[in-house]
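Undergrad: Quick one, what's the 3D model for this:
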Amino acid sequence: MTKIYYFLIFSLFCYSANAQNDIVLKGTVVDINTQLPLELATVYFTTVKDSTVIEYATTDKNGSFSIKTKKYDKPIFLKVNYMGYQPYFEEEKGLLESKDFGKLYLLEAANALDNVVIKSEAPPITIKKDTLEFNAASYKVRPDSNVETLLKQLPGFDVGTDGKVTVNGREVNQVLVNGKTFFDKDGAIALKNLPAEIIKKIQVSDFKTKKEELSKQESTSDYSSINITIDEKKNKGYFGKILGGYGSDDRYESSLLLNYFNNKQKISVLASSNNINSTGFAMDEVFDNMGGGRNAKGNTGGGGSSASGKGITQSNLVGLNYSDDWSEKLMAMGSYNFSNSINNNDSKSDQVSFLPTGNIATSSDSKTRNENTGNNVNFELEYKIDPTTRLVVVPKYNQSRSNSNSTSSSFSEDENGNSLNESTAKSYSESDNTTFGNTINFNKAFKKKARNFSVVFDNNNAKTDAEALNLSQTIFYQDAKPNDDRNQKSNNKNTTDNYSLELEYTEPVTDSLRIRFGSDFDWNKEMKDVKTFDFDAASQSYSSLNDSLTNYTTSKQNSFSPKVGITWQKSKYTVNLNSRTSIVEFDNHSLYLNNVTDLNKRYALPYGDFQVRYKFSRSKNLSFKYDYSNALPTAVQLMPVLNLTNPLNTITGNPDLKPIEKNSANFSFRNYDFRTRSGYSLYVKGDYYNNDVVSTSIYDDSGKRTTTYVNISGTYLASIGGNWNQSIKRDAHVLRYGLGLNGSYSFDKGFTNAILYNAKSTAVTPKVNLTYEYGELLIISPSYSLSYNQTNYENSSRDASSNVVHRINLQTTSYWPENLIFGNDFGYTYNSSISSNFKKDFYLWNTSLSYGFFDKKVYAKVKVYDVLNQNQSATRTISATSIRDEENTVLKRYVMFSVSYKIGNFAGAEKGGKRRQRMD
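TA: Below you'll find the model as predicted:
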């Protein structure tokens, strides 16, 4: 207690000392002639030396502003901008104490005496209600910079080495260009490839769903959205990049991006082909499509693996993106993507399964080849029926074909070394999948502010036809159990049809209180038809129907959910309360072994959520949300029908399962200091389950399982974490560093061999990162993270298990001498507890050297992946019932030579003639 007491005293002292350094600057902006206050004028302070923005605010309806900031002992400018008025500015020697600037008078820009219109200076920052707007021309970047480089110059923005963008401490999950999606929602292609010189404004707002956007509801998200607007004078032309490379072991990469802009019309073409595990489209300026290091986002294992973290993938991608305003009322966006990928992987694993009286050890290996080919078409039409009525239609069509070829084997024994079972298998499968989805949003706003009616209709229709050949043998060594030999062909047909309709009416009770009424309607239907045929030696064909592996099932789920919600919104906080009751009809049917099984269920399920968001300032806020929900078991979990597909695991459903009750609570707090570019965030989350559905297995003496499902109550998961970041800029030197700590604790329960077990798992992941930039010449980014996992067991053959993984990474990029780029990614991974059959640690070092020609429009590059030839993908997974160590195929060392070429041509009009800006 004494230590806690001293810690609290120390924290209070630090807070008080920090508060003593705070000052408050206030004043009122008025029209010099009418003496009337000017609302939403932008007031900001900049340094005299380099015009860096220190703080900013907007005036309220009384023309007043109040800014809380830190003391500043160097000369500054106070500036005020308001559309249609001359800018106001005055110089101060510093900001050393709180000050009331009194009335600040603005003069209209039109001079009545000589009829001359004075052109006002565009402010670097403007606040428009819930949107923060940056004037791109106010921030200087080198001529060949992209949008990502521009964002790094904007106050409050941070772009991590993994490409993640945050604004005032909030993560960005959507990037738009002129209000429209540019290929992908996260905007990675736009940030990397749009030239900064054509950008006019960067707009930041809270992320909203399409329904929230159309109905002008407040955002319920903790994420931000960025809209990049292109200068009208430069919104005509084209730009792009072409890349090609070839290397050792026949490794290759190629990509192309071409964009054509003609005012509102935009057409983009994207293509990519490689066999180095880049399944999407990436154009990192240093490593292009090479995986690992700074391009490891979304990968697992040792880096350089495929999107799933397993094997080596050859991929091909072609995409077309189109957007245009067909008229003042009709806007259209569309895209088409063709993709093809081939993945080859060799895998081996060791798994220990825990039983109440002993362990089962299983060693497995497999060799797989998977090919997927897909065609995706997306379209969006937005029609403004009148100023208060909008209709948005978003159809999507997907067609894909896949085939898979695999061989596998496994061997299991008990803890005494007694053989239990052994299996080998060969299989080949093909499948065709077709999906059509559609979303229709209709919104009607009425004359009374905030009165609104919305309709949202969704449908998703899918059909899958699959055919598979399976040749397998399973040998049982105990109980004189007969072996299981299979030579079979199966045909699977699966169709799903899902429809939903949401009706909602919003009525304002007061200026700050709104109430919502509505109903949700859902209709879901699924059909599965599985037929399995054994090989008939007499006819040399798969013609003998295997009744035990043949099943026909249907599932239908219809629901009606009346709902009500309340929103209470003030300048500082927003409260949302929602409640609904779902009346569900859940009908299931099965025809198996000539027996009909029907299971019809009726439910009345309550749902509710409560959210409070409080904003202390524009970059300091907290959020709390509580959610109560119910989820139904699946048809497979409910239906008492045998599933004998796996020779080592017989599964049957439990018709007595109850709905799963889930209670969730989420608290988050963010605080970001705009001027010092420092901030921190904290979160606490918790999920508590009643009647959770878990599988329960009984093992026989040969290690074969019989599995069903039961309800378990009292399981939960809690997590807590936080991050702190600081950015320091001194002339050409920029230093960014951060600390993070995430932890979780879970309590799981279940049954094995009819004995109740429980598992208590703890995970802790601290991390630290640092980035140093020297002008435009050098970037150095070291980082370290540790993952600690421990699980304690009760009523199990094992008391506890733990694992520690250390990851160290160093990224360096040098842009000196001029035209030369030298990059390195060096990583080290150590896995402490992985079994002796796998290597515990490895190094991954990638390096790249490139030289720019013709004003840096052409780059010749040589890259080496895995310089030390040590890359591997060995992982340990700890669960409530097992420990699994697994290793998969990864890319090894290769050398790649590549050439990239940037093209661009933008045209703009000026008085007296035309201007043309060229990039090529």
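Undergrad: For residue 894, which residues are in contact?
TA: 247-249, 251, 276, 864-866 (CB atoms under 8 Å, 6 or more residues apart in numbering). C-beta here means a position set from N, CA and C on the backbone, and glycine is covered the same way.
Undergrad: just residue 901 next, same as before
TA: With CB under 8 Å, 6+ apart, residue 901 has these contacts: 241-243, 857-858.
Undergrad: Spell out which helix or strand contains it, please.
TA: Element membership for residue 901, per DSSP states H and E: strand 894-910.
Undergrad: buried stuff in that strand?
TA: By neighbour count on 16 or more other CB atoms under 10 Å, the buried set for strand 894-910 is 894, 896, 898, 900-904, 906-908.
Undergrad: That one: partners in the sheet, and parallel or antiparallel?
TA: Strand pairing for strand 894-910, using DSSP bridges, gives strand 236-247 (antiparallel), strand 858-865 (antiparallel), strand 913-918 (antiparallel).
Undergrad: Provide the contact partners of the following helix or strand past the first one at residue level.
TA: Note on strand 236-247: by DSSP H and E, the next helix or strand toward the C-terminus is strand 252-262. Residues external to strand 252-262 that are found in contact with it (CB under 8 Å, 6+ apart): 189, 193, 230, 235-246, 266-276, 278, 281-283, 288-290, 896, 898, 903, 906.
Undergrad: hmm, 6 Å instead?
TA: 193, 235-246, 267-274, 276, 289 (CB atoms under 6 Å, 6 or more residues apart in numbering).
Undergrad: Neighbouring strands of that strand in the sheet, and parallel or not?
TA: In the sheet, strand 252-262 lines up with strand 236-247 (antiparallel), strand 265-274 (antiparallel) (DSSP bridges).
Undergrad: pull the CA atoms of the longest one into PDB?
TA: To tie it back to what came earlier, the one meant is strand 236-247. Output in PDB follows, covering the C-alpha atoms of strand 236-247 (Å, rounded to 0.1, in the frame of the first residue of the first chain):
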ATOM      1  CA  LYS A 236      -7.100  16.400 -65.700                       C
ATOM      2  CA  GLY A 237      -4.400  14.100 -66.800                       C
ATOM      3  CA  TYR A 238      -2.800  10.700 -66.000                       C
ATOM      4  CA  PHE A 239      -0.200   9.200 -63.800                       C
ATOM      5  CA  GLY A 240       1.100   5.800 -62.900                       C
ATOM      6  CA  LYS A 241       4.000   3.400 -62.400                       C
ATOM      7  CA  ILE A 242       5.300   0.300 -64.100                       C
ATOM      8  CA  LEU A 243       7.600  -2.200 -62.500                       C
ATOM      9  CA  GLY A 244       9.300  -5.400 -63.700                       C
ATOM     10  CA  GLY A 245      11.900  -7.600 -62.100                       C
ATOM     11  CA  TYR A 246      13.500 -11.100 -62.400                       C
ATOM     12  CA  GLY A 247      15.900 -12.900 -60.100                       C
END
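Undergrad: Can you give the distance from it to the centre of its chain?
TA: For strand 236-247, the separation from the chain centroid amounts to 27 Å (computed by CA atoms, centre = their mean, to the nearest Å).
Undergrad: Give me the buried stretch members for it, please.
TA: Neighbour-count burial for strand 236-247 [16+ other CB under 10 Å]: 236-243, 245, 247.
Undergrad: Remind me which helix or strand the closest residue to residue 603 other than its chain neighbours belongs to.
TA: In space, and not counting its chain neighbours, residue 603 is closest to residue 584: 4.2 Å by CB to CB, 6 or more residues apart in numbering. Assigned by DSSP H and E, residue 584 falls within strand 573-592.
Undergrad: That strand: partners in the sheet, and parallel or antiparallel?
TA: Going by DSSP bridges, the partners of strand 573-592 are strand 551-569 (antiparallel), strand 595-617 (antiparallel).
Undergrad: who touches that strand?
TA: 218, 551-561, 563-568, 597-601, 603-614, 635, 639, 641.
Undergrad: What of stretch 59-74?
TA: 21-26, 28-30, 37-39, 41, 43, 55, 57, 94-96.
Undergrad: before we move on, the earlier item: tell me which of the buried residues of strand 894-910 has the lowest pLDDT.
TA: Lowest pLDDT among the buried residues of strand 894-910: residue 908, with 51.
Undergrad: Tell me if I am right that residue 656 is in a strand.
TA: No. Going by DSSP: H, G, I helix; E, B strand; the rest coil, the assignment for residue 656 is coil, not a strand.
Undergrad: Quick check: pLDDT value at it.
TA: 96.
Undergrad: rewinding a little: export the strands paired with strand 894-910 as a markdown table, with columns for mean pLDDT and distance to residue 649.
TA: Output for the strands paired with strand 894-910, formatted as a markdown table (pLDDT from 0 to 100; distance: least, CB to CB, whole Å):
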| stretch | mean pLDDT | distance to residue 649 |
| --- | --- | --- |
| strand 236-247 | 90 | 44 |
| strand 858-865 | 95 | 40 |
| strand 913-918 | 38 | 65 |
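Undergrad: show me what contacts residue 705?
TA: Going by CB under 6 Å, 6+ apart, the list of residues near residue 705 reads 649, 697, 699.
Undergrad: To residue 757, which of the strands paired with strand 573-592 lies closest?
TA: strand 595-617 (29.1 Å; CB to CB).
Undergrad: Past the closest one, which element shows up next along the chain?
TA: Following strand 595-617 toward the C-terminus (DSSP H and E): strand 620-631.
Undergrad: Listing partners with orientation, what would you give for that following strand?
TA: strand 595-617 (antiparallel), strand 660-673 (antiparallel).
Undergrad: Low-confidence bits of the stretch 301-450 of the chain, can you list those?
TA: 301-309 (pLDDT under 70).
Undergrad: pLDDT value on residue 711, please?
TA: 96.
Undergrad: What is the burial count for it?
TA: 18 (other CB atoms under 10 Å).
Undergrad: So what pairs up with it in the strands?
TA: Where residue 711 sits in a bridge, its partners, by DSSP bridges, are residue 693.
Undergrad: thinking again about what came up before, mind putting the strands paired with strand 620-631 into TSV with distance to residue 70?
TA: As requested, the strands paired with strand 620-631 are exported to TSV (distance: least, CB to CB, whole Å):
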stretch	distance to residue 70
strand 595-617	13
strand 660-673	8
